[in-house]
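> structure of the sequence below:
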Amino acid sequence: MAKSKLSEIELKIKNHTLPEINHAFQRSVSYSQYSMWASCPHKWYLKYVENKEPYQASIHTVFGTAFHETLQQYLEVMYNESGAAADRMNLEEIFTERFRETYSKEYKSAGTHFSNASEMREFFDDGVAILDWIQKRRNKLFTIRKVKLLGIELPLILKLANNIYYKAFIDFALYDEDLKKVYIYDIKTSTRGWSDREKKDDAKLAQILLYKQYFSQQYQIEVDNIEVEYFIVKRKIYEQSEYPIPRVQSFKPASGKSKRKQAVDNFQAFIEDCFDESGKPIIKSYLKNVGESSCKWCPFRDDSSLCDKNAVSI
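A predicted model of the protein is given here:
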């Protein structure tokens, strides 16, 4: 089959030269850093400035990585070959390989097992069930006609301040040739999907709003021609439900000018709070009373030499 002519946006992505970050004196900042700072500035300081955080491996990260890679491979075949080729893929086999490789890598880094056979089987079976559900509903979830895959793990690297660069990788992006629109997706693995509380969490939603704003800036594309969506997969569904419960939850947050400005302003506040004019981290006390919700899973919570939860920032 002859390849179709590259669209304008495809050419922009292909020909764009990403800036190189010299880590000797420049820093890259990410959404995950901002999210940690928004939750607890002191935790951000201990991890990214003091490098105190111990290595943490979990079955959740193993599952998330293996699922992302399997779904992304499925999408590459679907859009770069054909839907029929994607239908023939043995996703369970691919997921099995990714799951084993990811666990082995995390185990070597952690130096010890962090899960057990029962838990691993539960998470593995959940992943297989989700992938089977997606593959059987490919035509409802994904449009192939006149839609192109712009990229998997598509990089965003922009200079935001002196020696400070924003760096991110978009899970996957599509382009509708008829509508002339870009669709940016972020894959989220969840136990039972997102609740209203999560859908209203500005810090959580900032990730994809920054994608939209910075993708527009990086490739000089009209921002109104970019749509963003969270592709949320559920490990668990209520089996006794009277109605079928989908394994995939689509969530498209409001991403207009005011919402994007709020996300960008908050991200800029993080940069200004944490870095000086030369781009070096500001050495100061970031302690504040953040509340039990921020401390629940924190690796520093029981080490009083690193964190006093009752202290207040100065």
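
> for residue 21, what are its contacts?
By C-beta atoms under 8 Å, 6 or more residues apart in numbering, the contact list for residue 21 reads 27-28, 157, 165, 167. The C-beta positions use only the backbone N, C-alpha and C, and glycine is treated the same way.

> in JSON lines: those residues, plus secondary structure, neighbour count and distance to residue 253.
Output for those, formatted as JSON lines (DSSP: H, G, I helix; E, B strand; the rest coil; neighbours: other C-beta atoms under 10 Å; distance: C-beta to C-beta, whole Å):
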{"residue": "27", "secondary structure": "strand", "neighbour count": "20", "distance to residue 253": "28"}
{"residue": "28", "secondary structure": "strand", "neighbour count": "13", "distance to residue 253": "25"}
{"residue": "157", "secondary structure": "strand", "neighbour count": "17", "distance to residue 253": "24"}
{"residue": "165", "secondary structure": "strand", "neighbour count": "21", "distance to residue 253": "25"}
{"residue": "167", "secondary structure": "strand", "neighbour count": "17", "distance to residue 253": "22"}
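
> which SS class is the residue positioned nearest the centre of the chain?
Centroid-nearest residue in the chain, with C-alpha atoms, centre = their mean: residue 186, separated by 5.6 Å. Here residue 186 is recorded as strand under DSSP: H, G, I helix; E, B strand; the rest coil.

> and if you look at residue 230?
strand.

> what is the neighbour count of the nearest residue in space to it that is not next to it in sequence?
Spatially, and ignoring its direct neighbours in sequence, residue 230 is nearest to residue 251 (4.4 Å; C-beta to C-beta, 6 or more residues apart in numbering). Look at residue 251: counted by other C-beta atoms under 10 Å, it has 17 neighbours.

> any idea how far residue 251 lies from residue 78?
Counting by C-beta to C-beta, to the nearest Å, the gap from residue 251 to residue 78 is 22 Å.

> next one: residue 305
52 Å.

> ditto for residue 207
Using C-beta to C-beta, residue 207 is found at 25 Å from residue 78.

> what do you get for residue 262?
35 Å.

> among those two, which residue is more densely surrounded?
Neighbours were counted for residue 262 and for residue 78 using other C-beta under 10 Å; residue 78 has more, 21 against 14.

> which SS state does that one fall under?
Following three-state DSSP, the label given to residue 78 is helix.

> on the pLDDT front, check the residue nearest to it when sequence neighbours are not counted for me.
Among residues not flanking residue 78 along the chain, residue 86 sits closest, at 3.8 Å (C-beta to C-beta, 6+ apart). Looking at residue 86, its pLDDT is 98.

> residue 162 is in contact with residue 277, correct?
Yes. At 6.1 Å, residue 277 counts as touching residue 162 under the criterion of C-beta atoms under 8 Å.

> which one's more surrounded, the two?
The residue with more neighbours, out of residue 277 and residue 162, is residue 162; 12 against 9, by other C-beta under 10 Å.

> quick one, what contacts residue 253?
By C-beta under 8 Å, 6+ apart, the neighbours of residue 253 are 199, 205, 208-209, 228, 230, 259.

> can I assume it sits in a strand?
No. Using three-state DSSP, the secondary structure at residue 253 is coil, not a strand.

> show me where the stretch 101-250 of the chain has helices.
For the stretch 101-250 of the chain, the helices defined by DSSP state H, counting those that start in this stretch cover 117-136, 138-141, 196-199, 202-219.

> ranking those helices by burial, who's on top?
helix 202-219 (a mean of 20; mean count of other C-beta atoms under 10 Å).

> pLDDT on it, on average?
For helix 202-219, the per-residue pLDDT averages 97.

> show me the contact partners of that helix.
So helix 202-219 is contacted by 9, 12-13, 16, 31, 34-35, 38-39, 156-158, 166, 168, 170, 173, 182, 184, 186, 198-199, 221-223, 226, 228-230, 253, 255, 259-260, 262-264, 266-267 (C-beta under 8 Å, 6+ apart).

> how close does residue 187 get to residue 179?
22 Å.

> so which of the two has more stuff around it?
residue 187 (17 against 12).
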